[in-house]
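> Provided below are the primary sequence and the corresponding predicted coordinates.
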Amino acid sequence: MLSYLLPAIFSLPVIESALNLIYEDASAPKKLIKGKLKPHKRYAGKQKAGVALAALCVALYFSAALTQPLPTVVSPAGSPQQGSAASSQPDTGAPSATAQTSANVTIKFIDVGQGEAILIALPEKTVLIDAGPTGSAPKIAQVLQELGRDKIDYLVATHPDEDHIGGMADVISNTQIGTIYAPNKTNNTATYRKFLTAIQNNNLQITLAEAGTIIDQTDSYKLEILWPKKDANFPDTNDYSIIIKLTVGNKTFLFTGDAPTSAILDSNPGHIDVLKVSHHGSRTGTTEQLVRKLSPTYAVVSYAVDNSYGHPMQSVLNALHKHSVEIWGTGANGTITITCDGT
């Protein structure tokens, strides 16, 4: 059941599968990414108006060191901070029998420009996946305040690129942090060194992310790491991107960092209802094969308008549209909020 007071304008009517799409900022242009796009004109669509109040499963609101590991900072696998190991049985993509109780979960894809920051408000825990480029911390703090949260229980640095960890140091220095997850991959950049320094200065540690780790689980939801595998060795930092699956009742979400298509497929996530499009819509992260395999209903892309990389790329949009996936992007819509009760 939706418990928010929704804005009186700029809401879309309920569409099939009981999804409501609502804009937070009524002053901003409201456009859906769709169809063939010209360079730097990556949005097309119509403004919608009206009020939509419904019992929903999901509601969308539009409202990126060192060249070697640091043993004193990185805690080994199996440390007390690390989540419990998942079952060795293959993931079929179906929610577990213990994940059927209703829960209210809010996910915010924060508009941080050409970068990524995703805040997940679980019933009693808060998760931040990446912290955008440098300067993103104030916006993250604002979203935390809006959600009434003052602690980040699980902080995930998917990989050491500046557009994903640029805001990490400030977040760590100004917010109570529980467990920090990061891949066993360092980066010789000032941003990464600043990230490590903030961890040390606040007496925290990094728990190495490893496939099979359950970050958090209750009767109503399950948050688990699907990638990278233990002892992974890749030439590119993006290949180490932590892939996280969230199951809420019978709904599934996949958070992919900048992982390539091969890593996402190898992580075996099963069917996904909401896909966070990898690498800001780069062709390396999303192919038609991947879309066909995951069969998502909705996709969210985090990117900046008129970015120099051409994200999201036309081939990615084509693959999603071919399989009738609804696409929403922070560049076109601002911060996107999803609420889900798991039904």
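That came through, no problem. Numbering: from 1, shown residues only.
> quick one: contacts for D161?
A64, N187, T237, N238, D258 (CB atoms under 8 Å, 6 or more residues apart in numbering). Yep, even glycine has a C-beta here, placed from its N, CA and C like the rest.
> in stretch 202-209, what's buried?
Buried residues in stretch 202-209, defined by neighbour count with 16 or more other CB atoms under 10 Å: L204, Q205, I206, T207, L208, A209.
> ok so, going back, want to throw the contacts of D161 into TSV with distance to L275?
Putting the contacts of D161 into TSV (distance: CB to CB, whole Å) gives the following:
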residue	distance to L275
A64	21
N187	26
T237	21
N238	17
D258	14
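> may I ask which of the residues you listed comes out lowest in pLDDT?
Lowest in pLDDT among those is A64, which has 27.
> wait, which of the contacts of D161 is closest to M168?
A64 (9.5 Å; CB to CB).
> ok, K229 - how many residues close by?
For K229, the count of nearby residues is 13 (other CB atoms under 10 Å).
> how close does it get to L275?
Distance of K229 to L275, computed by CB to CB, to the nearest Å: 21 Å.
> can you check F255 too?
9 Å.
> got it, and V300?
From V300 to L275 the distance is 7 Å (CB to CB).
> now do I199
Distance, I199 to L275, using CB to CB: 30 Å.
> got the phi/psi numbers for the nearest residue to S136 once chain neighbours are set aside?
Nearest residue to S136 in three dimensions, chain neighbours excluded: G167, at 3.6 Å (CB to CB, 6 or more residues apart in numbering). With angles defined as degrees, to the nearest 10, G167 sits at phi -90, psi 0.
> ok, now which ones touch G167?
Counting by CB under 8 Å, 6+ apart, G167 has contacts V112, A117, A131, G132, P133, T134, G135, S136, A137, I140.
> rounded mean pLDDT for stretch 303-316, please.
Mean per-residue pLDDT for stretch 303-316: 94.
> just the buried positions in that stretch, please.
So, applying 16+ other CB under 10 Å, buried residues of stretch 303-316: Y303, A304, N307, G310, H311, P312, M313, V316.
> redo these as CSV? Include distance to K222.
Formatted as CSV, those follow (distance: CB to CB, whole Å):
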residue, distance to K222
Y303, 29
A304, 32
N307, 34
G310, 36
H311, 30
P312, 29
M313, 32
V316, 28
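> from those, which ones fall inside helices?
Among the buried residues of stretch 303-316, DSSP state H puts V316 in helices.
> now for the buried residues of stretch 303-316: which two are most distant?
Pairwise distances across the buried residues of stretch 303-316 (CB to CB) peak at 15.8 Å, for the pair A304 and V316.
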